[in-house]
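Novice: Starting from these lines, generate the structure:
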Amino acid sequence: MNKKLLLAGLCISFALSPALVAEASDNAEVTATSTEVPENMPIDKIPEDAMNKVFVVKEINEEGTSAVLYEEGNEKSEYVLDLGQFRDDDVKVNNRYKIYWNGVAFTSFPAKFGHIYRVDKLDPLDEEDEFENMPIDQIPEDHESMEFEILEINKEDENPMATLAEVGNPDNKYVIKLKMLLDKYAGVGDVYKIYWDGVSLKSYPAQFGKIYRVEKVKANHYDESEMKELAISMFDALVQNQAASILLEQSPKTIANIKPSLEKLMGETNGLMEEAYSVFLTDKEKEDGNKNTAIVKIIQYKYDKKLESMSDQELAKSIFQNMIMTNAGKMLLDKTPKTVKSIEKELKEKVESSEKLVEDAIKTLK
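Specialist: Model prediction:
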């Protein structure tokens, strides 16, 4: 089958979906922008399935209306939040906040929080714990840089440590605080490039002097079978997560009765998505912020395809997007049969047509 025809078919197979969903609702929902300052929900009133994580303010926009935050210990996991949602009149870069929310991460880059229950401002970390990667162009010219592999991780201490060995020189060992690697998924066998002042403090293993930057080079603690297994789990989780996100964003009235289950699904799958991105993307790809690259790599493993040509890569991304819409349609049919009864026949036809297109498209991938 012609790949251009498949791409066109995949792009239009669910072009009418928003209209169909809107038709299933009695009235379009209008969301008013509230000017009221939100209040923190008491800790004991927060739902048990709520998520909470610590975030650090990365930057505030020029208008002073919103801020970009990153998850502490995972600076690639970014969110955007209106300043009025912080419950704080003095929001500044590097401020730390513990945010309790329903686990929903709406599709955007940076991501957007779903419903926020509570935001607590935290004390700043001790100076020695405030390590952040220095921009590559600001690192002193007389720095040292080497690649190191994790030999051992000791998580029993109050401050977990990792023992490293220089790649190609296993006798040259160093010890480093695990959090200095800026990687919550660090594992034995993973390789990092470390930029530092060249000072080696006398101990065994040695200790680094001033570290400027740490980059993850390889995630070696996954073998090929584990990578394939992760790709399959990741792909399925991504499809389900994004399908739920679309329904929550575009059809809040239609899915009102299943909203809690969709929010729970998103909460359960958000962590897996972040882990898979850290495994399948290089540091350069993470900096580029193009998560489509991860989708292509995941599909390579899941379906045992090379995807070397641009046409195959574009087709793979279209397959992913189409499967998201197909699953959104299935969720509506399975979970809200009464709500979509008036469009049930048309929606079923579109789901079946889309599944056939995906099946044919996968067969053409090389």
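Novice: Tell me where the model's unsure across the chain.
Specialist: Within the chain, the ranges that satisfy pLDDT under 70 run 1-36, 73, 125-130, 220-223, 268, 270-278, 282-284, 286-287, 289-290.
Novice: tell me the helices in it, going along the chain?
Specialist: Taking DSSP state H, the helices of the chain run over residues 3-12, 17-24, 224-250, 259-280, 283-288, 292-303, 310-335, 344-364.
Novice: Ala165: which of those is closest?
Specialist: Using C-beta to C-beta as the measure, helix 283-288 is the one of the helices of the chain that comes nearest Ala165, at 20.3 Å. No exception for glycine: its C-beta is placed from N, CA and C like everyone else's.
Novice: what pairs with Val80 across the strands?
Specialist: Val68, Lys112 (DSSP bridges).
Novice: give the contact list for it.
Specialist: Val80 makes contacts with 66-69, 108, 110-112, as judged by C-beta atoms under 8 Å, 6 or more residues apart in numbering.
Novice: hmm, 6 Å instead?
Specialist: Val80 is in contact with 66, 68, 110, counting by C-beta atoms under 6 Å, 6 or more residues apart in numbering.
Novice: Can you tell me which of those is closest to Asp49?
Specialist: The nearest member of the contacts of Val80 to Asp49, counting by C-beta to C-beta, is Pro110 at 23.5 Å.
Novice: Please verify my assumption that Gln207 contacts Leu201.
Specialist: Yes. Proximity of Gln207 to Leu201 meets the contact threshold set by C-beta atoms under 6 Å, at 4.0 Å.
Novice: Pull out the buried positions in stretch 234-249.
Specialist: The neighbour-count check on stretch 234-249 (16 or more other C-beta atoms under 10 Å) flags 234-235, 237-248 as buried.
Novice: could I get these as CSV with distance to Leu347?
Specialist: Below are the buried residues of stretch 234-249 laid out as CSV (distance: C-beta to C-beta, whole Å):
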residue, distance to Leu347
Met234, 27
Phe235, 24
Ala237, 24
Leu238, 22
Val239, 18
Gln240, 18
Asn241, 21
Gln242, 18
Ala243, 14
Ala244, 17
Ser245, 19
Ile246, 14
Leu247, 13
Leu248, 18
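Novice: just curious, which of those residues is nearest to Glu308?
Specialist: Taking C-beta to C-beta as the measure, Glu308 sits nearest to Phe235 out of those, at 19.4 Å.
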